[in-house]
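Participant: Would you be able to build a 3D model of this:
(one chain, ligands or ions: 1)
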Amino acid sequence: MAQGTTKQIIDIVERCPTDALTYEKIDSSYSGSEISTKPPKVEKVDFSIMRNGPILAQGSFVVNLPDGSEQEVKSITSFCRCGMSKSQPFCDGTHNKEGFFPDDSQY
Ligand code: FES
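Facilitator: Numbers count the residues shown, from 1 in each chain. Sure, this is the predicted structure:
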C-alpha cells in the first residue's frame with residue numbers, strides 16, 4: 001500500500017480474511033506512527049491443482065497454522081482440497097479412499 005497512513009495499513013491487515021497479511025510494531029509504545037511489515041517468508045512457490053486431488057505447493061515457505069504454530073516447508077507439500085483429511089490443512093490421501101469429485105472442468 002503506497003501513501004496510506006499507519007492506521008489505514010493496520011486496518012487493512014487486521015481485516016485480512018486469510019491472515020496472509022501481517023504487521024509488526026517496531027516500538028511497543030506504538031503511538032500510531034511507527035510500524036513495519038514483516039518481511040515475507042516466501043521465496044517462490046509453485047501451486048498445482050491436481051485433478052480430483054490436493055493442491056501441491058512446491059518451494060520454500062512457511063505455513064502459519066490456526067493454533068499459532070508455523071510449519072516450514074522446503075520442498076513440496078500437498079494441501080487438502082476435499083476437506084476429509086485428518087491432517088488439515090494437509091492432504092493425507094483420504095480423498096483417494098473416500099472419493100472426491102470436484103468440478104475440475106473449468107481448468
Ligand atoms: S485432498 Fe487429499 S485428503 Fe483431501
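
Participant: contacts, neighbours, all on C-alpha from now
Facilitator: Noted.

Participant: so what's the closest residue to Cys91 other than its chain neighbours up against?
Facilitator: Distance criterion C-alpha to C-alpha, 6 or more residues apart in numbering; nearest residue to Cys91, sequence neighbours excluded, is Cys80 at 4.2 Å. Residues in contact with Cys80 (C-alpha atoms under 8 Å, 6 or more residues apart in numbering) are 53-55, 88-92.

Participant: Could you list the contact residues of the chain toward the ligand?
Facilitator: Within reach of the ligand by C-alpha under 6 Å from any ligand atom, the chain has these residues: 53-54, 80-85, 91-95.

Participant: ok, now with 8 Å
Facilitator: Residues of the chain lying close to the ligand by C-alpha under 8 Å from any ligand atom are 52-55, 78-86, 90-96, 100.

Participant: Just the buried ones among these, please.
Facilitator: Listed as buried from those are 52-55, 78-85, 90-95, 100; burial here means 16 or more other C-alpha atoms under 10 Å.

Participant: Could you save the contacts of Cys80 as TSV and add columns showing secondary structure and distance to Glu14?
Facilitator: Shown next, in TSV, are the contacts of Cys80 (DSSP: H, G, I helix; E, B strand; the rest coil; distance: C-alpha to C-alpha, whole Å):
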residue	secondary structure	distance to Glu14
Gly53	coil	32
Pro54	coil	29
Ile55	strand	27
Gln88	coil	24
Pro89	coil	22
Phe90	strand	25
Cys91	coil	28
Asp92	coil	31
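
Participant: I am finished for the moment; much appreciated.
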